[in-house]
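Need the 3D shape of this:
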Amino acid sequence: MIRVLRAFTWLRWRLVVNSLRSAERRDTLERVSHVAALVVPALVVVTSATSVAVSAVLGGVGGWVSVTHAVQSAWVLPTIRVLLLLATALAAFVPIFVGAHGGSGRFTRLQLLPIPRQTLHFGEVSTSLTDPWLVSVLPGLVGYAGGLIAAALSTEEAHPGLAIAGGVALVAAIGMAFVLASLSALVTFSVSWLVRDRRRSELFVVLVVLALSSMSILPALLSSNLERQMSAHLANGEASPGPLIALPNGLPTWTVVLPSELYGRAVRFAPEWPKPATLLPLAGLFLEGTILYGLSSMVYRKRVEIVEGGRLRPRRPVAGTSGPIRIPGFWPGTAAVAMAQTRTALRSVRGRLVVLLPGPLVAMFALLLRGLQHAGGAESLMASRGYLAFGAGLMFGLYAAQAFTMNQFGSDRAGLTLQFLAPIRDVDLVRGKTVGCAIIIGAGALVSFACAVSVAPGGSAWLWLATFVGGVAAFLILSPVAAWVSALFPVASDLSKTGSGGNPHTFVMLAGMAAVAAATAPAGLILAIFSPMVALLAMTIWMTVAGAVAYPLLAVVARTLKARRENLAQVAQGR
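A predicted model of the protein is given here:
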């Protein structure tokens, strides 16, 4: 088993080295693009190494002070439990968007190796702990256990039994890592299996939207409940419970089965070893890990069988289609490209997420802020002025649409080649792509508007309109930038994937995040400093200026597109 893990580690290293040595790039710009794509992974590696060291040190210090300064360090264990709850949420949801490393070809290649399937599955689960969102969990927990043991051994007479607590914390850390790795692997394999079928992927999108909307308010609800319980605890003048304080007893009953709670209970009652108060949470951790590991093994086997057999749902014959839809004010070629871009997006998983996800998320956030008892400042502002929630939905929609806007010449694959062969001018092709992206983001804006109005209808109607105009201005400013970087740094992507396979160039994603923040900043400033009617007037002027700047810049982008036609066609087809 150790040899297999070493082989997987060496395989990932060789992939990085080979990508650096690759000499099959078509032009200088693409070589620059390829090297720039490695900047983000390099930053992730450096950050992960630093987070591992910092997490281990902080964990050791937390374990030490939990024994040597019991009263002052009563917050240590509750903090660890909250962080573990966050890690559990990340393990459950981040793989939905990051997805599996590689695709069906990777599964096929691994099956050619002389390695049993169970061993391959164990290797895949183990490597889940190296993901950036989980890499620092185990070192921190091990450091905490080591700090407890070291402090307890140095002051054994003052705190007898805490050395055992350190040992229990170490075993609980292993159980927690087992649960998180199995959960992350289960979600990764499930997503990879679900998106292989169109009907399953559509249902999957709906469930993701509902789950994210519900889970987005869970941490805040728990923190609000904790604050009320702690305030009541202090108001009654009660003393601190001790060095291994647990969270207040006001949490819902169902939270007992959460891995973070099982870990906290096991550590809290560790000095009572081997009573059931310690044994049962430990057993529960490993039981949950075993169940998740077994489920991930089943899904992994199903995923591999699909790849081996190549059995997919047969495509149904397409019925007769209507003629091209004309968009008023645009040349027919521009309108045709725009409708092709729109249809491509709305038929994909990523496109449906762009339309459906921002609205419910901002609605649940606004609903949560409205329900908080201690409303004040930003909380009451968001709850009473729904146009701010609408603006947040517009901004989130611009971020979510980067798979289309920042990679518009690499996301439709062979469709781009057909558009190059059609009698369409380069400038009309660029404008058509821009209009198509506008339609996609506009559909999401309508959903965000409906959700924001339903939960927070307050605020001036002028400001609601000004918020929409500001969103249009931000898109106009972003459109030439997005088209230009798409032509310079194209990446062959698969929009049916929610993970990295559907993302644009990593360097472009970072630039896109900064560009969205810069493009929306003027609108936020206008809403903050002007009265409603003046804000609408100023926002209209800003939108006009943005359009006047963007329109000629699209013609400049068309020149870049003309110079890179052949390269773009090859990249879009994955060559």
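
Contacts for stretch 333-341, please.
Contacts of stretch 333-341 from elsewhere in the structure, counted by CB atoms under 8 Å, 6 or more residues apart in numbering, are 324-327, 330, 404, 408, 412, 415, 419, 422-425, 428-429, 431-433, 435-437, 439-440. Using the backbone N, CA and C atoms, a C-beta is placed for each residue, glycine as well.

If we use 7 Å, what do you get?
The list of residues contacting stretch 333-341 from outside it, by CB atoms under 7 Å, 6 or more residues apart in numbering, reads 324-327, 415, 419, 424, 428-429, 431-433, 435-437, 439.

Would you mark the buried spots in it?
Neighbour-count burial for stretch 333-341 flags 333-341 (criterion: 16 or more other CB atoms under 10 Å).

Which of those residues fall within helices?
Secondary structure defined by DSSP state H assigns 333-341 of the buried residues of stretch 333-341 to helices.

Show me what the helix or strand residue 122 falls within is packed against.
Mapping residue 122 onto the secondary structure by DSSP states H and E places it in helix 117-127. For helix 117-127, the packing partners by 3 or more CB pairs under 7 Å, 6 or more residues apart in numbering; DSSP states H and E come out as helix 2-21, helix 162-194, helix 276-309.

For the longest one, name the packing helices and strands.
Helices and strands touching helix 276-309, by 3+ CB pairs under 7 Å, 6+ apart, are helix 104-111, helix 117-127, helix 162-194, helix 259-268.

Which one of these lies nearest to residue 46?
Proximity to residue 46 (CB to CB) singles out helix 117-127 among those, at 19.0 Å.

Please identify the buried residues of the very next helix or strand once past the closest one?
Scanning forward in sequence from helix 117-127 by DSSP H and E, the next helix or strand is helix 137-154. Using 16+ other CB under 10 Å as the burial criterion, the residues of helix 137-154 that qualify are 137-152.

any idea of the mean pLDDT in helix 137-154?
Per-residue pLDDT values across helix 137-154 average out to 83.

swap in stretch 283-297?
90.

who's in contact with that stretch?
Under the criterion CB under 7 Å, 6+ apart, external residues in contact with stretch 283-297 comprise 121, 125, 172, 175-176, 178-179, 182-183, 185-186, 189, 259, 262-263.

switch the cut-off to 6 Å
The set of residues external to stretch 283-297 that reach it, using CB atoms under 6 Å, 6 or more residues apart in numbering, is 121, 175, 178-179, 182-183, 185-186, 189, 262.

rewinding a little: how about the buried residues of stretch 333-341 in CSV, adding pLDDT and distance to residue 348?
As requested, the buried residues of stretch 333-341 are arranged in CSV below (pLDDT from 0 to 100; distance: CB to CB, whole Å):
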residue, pLDDT, distance to residue 348
333, 81, 23
334, 85, 22
335, 87, 21
336, 87, 19
337, 88, 17
338, 88, 16
339, 88, 15
340, 86, 13
341, 86, 11
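
In a markdown table, list the contacts of stretch 283-297 along with distance to residue 549.
Below are the contacts of stretch 283-297 laid out as a markdown table (distance: CB to CB, whole Å):
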| residue | distance to residue 549 |
| --- | --- |
| 121 | 54 |
| 175 | 57 |
| 178 | 55 |
| 179 | 52 |
| 182 | 52 |
| 183 | 47 |
| 185 | 48 |
| 186 | 48 |
| 189 | 47 |
| 262 | 56 |
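
Which parts of the stretch 301-450 of the chain are strands?
Taking DSSP state E, counting those that start in this stretch as the test, none of the stretch 301-450 of the chain falls into strands.

Format the ones in helices among the buried residues of stretch 333-341 as TSV; extra columns: distance to residue 558.
Written out in TSV, the entries for these read as follows (distance: CB to CB, whole Å):
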residue	distance to residue 558
333	13
334	12
335	17
336	17
337	12
338	15
339	20
340	18
341	16
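
Out of those residues, which comes closest to residue 269?
Minimum distance to residue 269 across those is 58.9 Å, recorded for residue 341 (CB to CB).

and the closest one, how far is that from residue 82?
Using CB to CB, to the nearest Å, one obtains 43 Å as the distance from residue 341 to residue 82.

what do you get for residue 398?
Distance, residue 398 to residue 82, by CB to CB: 31 Å.

more crowded one of the two?
The residue with the greater number of neighbours, taking residue 398 and residue 82 and applying other CB atoms under 10 Å, is residue 398; the counts read 28 against 18.

Tell me the secondary structure at the closest residue to residue 410 other than its chain neighbours.
Once its chain neighbours are removed from consideration, residue 410 has its nearest residue in residue 490; the separation is 3.8 Å (CB to CB, 6 or more residues apart in numbering). Assigned by DSSP: H, G, I helix; E, B strand; the rest coil, the conformation of residue 490 is coil.

winner for burial among the helices and strands packed on helix 117-127?
Relative to the other members of the helices and strands packed on helix 117-127, helix 162-194 carries the highest mean neighbour count by mean count of other CB atoms under 10 Å, namely a mean of 24.
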